[in-house]
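>>> Have a look at this prediction, sequence included:
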Amino acid sequence: MTRLNVLLLVALIISSLYLVRVSHDSRRLFAELDRARNEERLLDSEHERLRSEKQSQATPLRVEKTARDKLAMRSATPAVTQYVTYAQAASGSASGSER
Amino acid sequence: MSWFGLKPPGGPKKSAARSGATPSARSVNYSTSPLLASKTPPWRSKFLVALVGLSFCILLGRAVYVQIIGTEFFLKQGEIRYARSLTLPASRGRILDRNGQILASSVPASSLWAIPKDLQADKAERRQLAKLIGMTPQELEGRLDDNTNFVWLKRLADDQVAKDVLALNLKGIHQLREYKRKYPEGEAATHVVGFTNVEDRGQDGIELAFEKDLAGRDGSRRVIKDRLGRVVEDIGDSVAPVDGRDITLSIDSKVQFFAYQRIRDAVAEHKAQAGSVVVLDAQSGELLALANFPSYSPADRRNLSGAQLRNRAVTDTFEPGSTMKPFIAAWAMESGRVTPNTVIPTAPGRMTLTGSTITDAHPRGDLTVAEVIQKSSNVGVVKMAMQFTPREMWELYAQVGFGQKPQIGFPGAVTGRLRPYKTWRPIEQATMSYGYGLSASQDGNVFKWNFPLMGSYWTAADMLIQHIGKKEGGLDKLKGKKIALVYHDSPFGKEPMPLLDERSKMHGFELQKIPVTAPGVEQKSAWLQVRQSKPDYVLLWGWGVMNSTALKEAQATGYPRDKMYGVWWAGAEPDVKDVGEGAKGYNALNLNTSGQSPKVIQDILKLVHDKGQGTGPKEEVGTVLYTRGLIIQMLGVEAVRRAQERYGKGKVMTGEQVRWGLENLALDQKKLDALGFSGVMRPLSTSCQDHMGSTWARVHTWDGAKWAFSSDWLQADEQIIKPMVTAAADKYAAEKKLTRRTPADCQS
């Protein structure tokens, strides 16, 4: 009887120690998971930020400003547009219409 | 148990025994100690047992309290120490254009805050901090002095700034992660997209209109944190955050940009104040772009002016101008009146229509309908339009949506009436309060204290009918005519009705009464009635903002302005100035002159304004209402002077005495000349019976820039007015149980 009790006591102690270990592990892993989730959210919003940043760098307004200020470009008007006719293309389309 | 309460008496002796190698004669064994033999009193052990028992009872009691009675409190206290509630921030939805390009999105940003009493930083560090957050050191100190426990240092700082500040590693400075709105398209799309405030709530544009959809709902979760602050366990159910929905607009960001670029360049080129452009998909009616200039950058909203903020494309109204022409032509074709090749003679490039002339900028000869539109010929379009009935034209406009609120859920999208309504209302209420007139009060025998000097609304109506009769070639020609009274729906506006009813019975014209609800900014239905019944004349009994609105409506519905006659409160400069050219030909009664030529006006300019003592704007001196006010003051002063002539010069007059003065005014031409009022008004003399004195007035006509008299002096017909006044006064006296004044009373 006493021997059985001692055996049970030992089993209990082992089981308790194991429980402590498992719950510690679970907490550690959970913390890790949580950190990973936070990171995910951070990266998500960072991605969003970079996307909008990228777009605002390529916005037509900025392109126009850069073209005007840095490259000294002007917007095209009919007055400064040279119309080139490509004889072959013109005849090609003409023959196309004939067909 | 005895060692409990006793000091072992043998202690020192024992050590003495140990120090000695052999037991001395004085040393005693513990077991043989004589002290053991002595009997201890029994209460000692009992006392101790009781003491131990008591302490167990206390422990038990405490255990019962903690575990059973106060268990909830302790459970909660425990939880507070390890469980934390975390909010899970939801991000605001994005605004996208039709191609998925971002117009607005939320990005994380750090807000920096400090606990000033914890802040430990030397001068150099403070200076560095101030520089990083874009303040002067003085500003920073001021900010820190505001509150000892919490101040914002910088909200929604750039990531780099936040990193740099935290790198300073100052105690007492913390950061909070928040969201910040980014608008990649900047000022090009700002009037469509709008912006949010620092709390992430929409303030304008789509951000405001779709606030409900865009705003997310924060979630929350309860967790257990360990001593390092790491989350180690979830407890209970967590509420997941609901992110705001993305809103996709029909706007195309490319088209939007070009629209903005063009309007910006066009405004600069033509030195305009502002401009708007709206691009619609002709097939589906979708809005592709909506831009205004001046605009603003939504990221930097300091020093914004209303002119920049205003989304003119939806908040402002303006005349459509030549863009109306295709509608007319389209309807003419649709109703089968013309074909694109129908020739319309437009020579000589002008035509006269009920008094006003329509001209073409470039006169041409015969044009086909297609060419009329191409060349934008006014005459050609008018010739087409004249084939329609007014009703037809109104229906056409209504059908295509003119004069309606735009069907977009956009903040500030209103018909253009709202702004004048708002700005005019207080003035409106003021004029209402003194505009209440009772024409019968001319009878001084009943209305002892009323002095409707120079005329009442009955005399005004009478003179207008006389004037119209003259125009038609005699009052008998009025038979079968239709006259509409568009009136302010108030006692003031209803006042002329008894007289007009009387006159319509006499001359056999049809009187149509069309009310306009005060203050008179909404007159669409009134003018629809006018347009349907096509009266020969319109009498405008309006106040304040109602007048200019009526003229604009008349212009919009095409009612000829030269057939409109206003009462003297509908005939001043402010009533027509806004309408300008559109009010050309409009007539109104006037009691006095306008302009700066009369001597009294000249004197005011010379003696008051030139000396810098004028309180109002100098250019308003001599306007219609200014002169009228001047007359009113003059009459009051003259009444006092007249009373003083009788009751003693230089004395203070009582109410009764001034009444006598008002009843005995005798301003003949000589007197008026002496006062500098020659030409301004006609002579006036009152009596105890007649409190009006005179009914002279003239009709003046707006020529597009100024008022000019278009009639001789008119006078109300005593034959008609007098019996009416007496009858009304008698009725009033009977109702109020008043008796007519005796001649003796008149002398008092």
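Received it, and whenever you're ready, just let me know what you need. Residues are numbered from 1 along each chain as shown, chains lettered A, B, ... in the order given.

>>> For chain B, which residues are neighbours of chain A?
B:91, B:101-102, B:105-108, B:182-188, B:223, B:226, B:230-234, B:253-254, B:257-258, B:260-261, B:265 (CB under 8 Å from any CB of the partner chain). To be clear about C-beta, it is placed using only N, CA and C from the backbone, and glycine gets the same treatment.

>>> Please narrow the residues you listed to those residing in strands.
B:I102, B:S105, B:S106, B:V107, B:P108, B:K182, B:V223, B:V231, B:V232, B:E233, B:D234 (DSSP state E).

>>> Look up which residues are beta-bridged to the last one.
Taking DSSP bridges, one obtains B:V223 as the residues bridged to B:D234.

>>> which stretches of chain B have low pLDDT?
Scanning chain B for pLDDT under 70 picks out B:1-26, B:316-322, B:351-358, B:389-446, B:518, B:747-748.

>>> Would you list the buried entries among the residues of chain B next to chain A?
B:91, B:101-102, B:105-108, B:182-188, B:223, B:230-233, B:253, B:257-258, B:260-261 (16 or more other CB atoms under 10 Å in any protein chain shown).

>>> how many neighbours does B:G455 have?
24 (other CB atoms under 10 Å in any protein chain shown).

>>> nope, B:Q466 is what I meant
19.

>>> Give me the nearest residue to it, chain neighbours excluded.
For B:Q466, ignoring the flanking residues on the chain, the nearest one in space by CB to CB, 6 or more residues apart in numbering or on different chains is B:L714 at 6.1 Å.

>>> The one you found contacts B:H467, correct?
Yes: assessed by CB atoms under 8 Å, B:L714 is found in contact with B:H467 at 6.0 Å.

>>> As CSV, the ones in strands among the residues of chain B next to chain A with distance to B:T557 would be great.
Listed next are those as CSV, based on distance: CB to CB, whole Å:
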residue, distance to B:T557
B:I102, 46
B:S105, 48
B:S106, 49
B:V107, 53
B:P108, 57
B:K182, 48
B:V223, 70
B:V231, 71
B:V232, 77
B:E233, 75
B:D234, 70
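
>>> any idea how far B:D730 is from B:K736?
11 Å (CB to CB, to the nearest Å).

>>> Surely B:I247 is in contact with B:R92?
No: the pair B:I247 / B:R92 is not scored as a contact, 10.4 Å apart, by CB under 8 Å.

>>> Give the residues shared as contacts by these two.
Listed contacts common to B:I247 and B:R92 are B:L214; contacts here mean CB atoms under 8 Å, 6 or more residues apart in numbering or on different chains.

>>> Now for residue 55, how many residues are close by?
You didn't say which chain, so I picked chain A. Neighbour tally, A:Q55, other CB under 10 Å: 17.

>>> try again with chain B
Neighbour number of B:S55 under other CB under 10 Å is 10.

>>> and the helix or strand containing it, what does it pack onto?
Per DSSP states H and E: B:S55 is located in helix B:42-64. Judged by 3 or more CB pairs under 8 Å, 6 or more residues apart in numbering or on different chains; DSSP states H and E, helix B:42-64 is in contact with no other helix or strand.

>>> from the chain's centre, how far out does that helix sit?
In this view, helix B:42-64 has its centroid 81 Å away from the chain centroid, taken as CA atoms, centre = their mean, to the nearest Å.

>>> and for B:L714 and B:H467, which residues touch both?
B:V699.

>>> circling back to that earlier point, which one of B:I247 and B:R92 is surrounded by more residues?
Using other CB under 10 Å as the criterion, B:I247 and B:R92 rank with B:R92 on top: 24 against 18.

>>> and the closest residue in space to B:K482 that isn't next to it in sequence, how many residues sit next to it?
Among residues not flanking B:K482 along the chain, B:P535 sits closest, at 4.2 Å (CB to CB, 6+ apart). B:P535 is flanked by 24 other residues according to other CB under 10 Å.

>>> where are the low-confidence patches of chain A?
Short version for chain A, where the test is pLDDT under 70: A:88-99.

>>> Report the central residue of chain A.
A:H47 (4.1 Å; CA atoms, centre = their mean).

>>> Could you check how far it is from chain B?
10 Å (CB to the nearest CB, to the nearest Å).

>>> same check, this time on A:L29
From A:L29 to chain B the distance is 9 Å (CB to the nearest CB).

>>> Where do the strands of the stretch 301-450 of chain B begin and end?
Applying DSSP state E, counting those that start in this stretch to the stretch 301-450 of chain B gives strands spanning B:343-345, B:350-353, B:356-359, B:366-368.

>>> Might you report the residue contacts of B:L591?
B:L591 touches B:M454, B:G455, B:W568, B:R628, B:I631, B:M681, B:W696, B:A697, counting by CB under 8 Å, 6+ apart.

>>> Residue 64: neighbour count?
Just going to use chain A. 16.

>>> was after chain B, sorry
B:V64: 11 neighbours (other CB under 10 Å).

>>> And for B:D717?
17.

>>> what's the answer for B:A291, then?
The tally of other residues near B:A291 (other CB under 10 Å) stands at 30.

>>> dump the residue contacts of it.
B:A291 sits in contact with B:A188, B:A189, B:H191, B:V192, B:Q256, B:A259, B:Y260, B:I263, B:S276, B:V277, B:A313, where contact means CB under 8 Å, 6+ apart.

>>> and it, what helix or strand is that in?
strand B:287-293.

>>> List the pairing partners of that strand within its sheet, with orientation.
strand B:275-280 (antiparallel).

>>> Now find how far off-centre the strand it pairs with is within its chain.
Worked out by CA atoms, centre = their mean, strand B:275-280 lies 24 Å from the chain centre.

>>> Give the buried residues for that strand.
B:G275, B:S276, B:V277, B:V279.

>>> Which strand residues bridge the third one?
Taking DSSP bridges, one obtains B:A291 as the residues bridged to B:V277.

>>> how far away is it from B:Y30?
For B:V277 relative to B:Y30 (CB to CB), the value is 114 Å.

>>> a strand runs through B:H174, doesn't it?
Yes: B:H174 sits within a strand when classified using DSSP: H, G, I helix; E, B strand; the rest coil.

>>> what's the neighbour count on the residue nearest to it when sequence neighbours are not counted?
Of all residues not flanking B:H174 in the chain, B:W113 sits nearest, at 5.6 Å (CB to CB, 6+ apart). Close neighbours of B:W113, defined as other CB under 10 Å, add up to 16.

>>> so what strands line up beside the helix or strand containing B:W113?
If you go by DSSP H and E, B:W113 is part of strand B:102-114. Counting by DSSP bridges, the strands paired with strand B:102-114 are strand B:95-96 (antiparallel), strand B:151-157 (antiparallel), strand B:173-182 (antiparallel).

>>> beta partners of the residue of the stretch 1-150 of chain B found nearest chain A?
Proximity of the stretch 1-150 of chain B to chain A (CB to the nearest CB) peaks at B:V107, 3.7 Å away. Beta-bridge pairing for B:V107 (DSSP bridges): B:K180.

>>> which ones are touching it?
Neighbouring residues of B:V107 by CB under 8 Å, 6+ apart: A:S45, A:E48, A:R49, A:S52, A:E53, B:Y179, B:K180, B:R181, B:K182.
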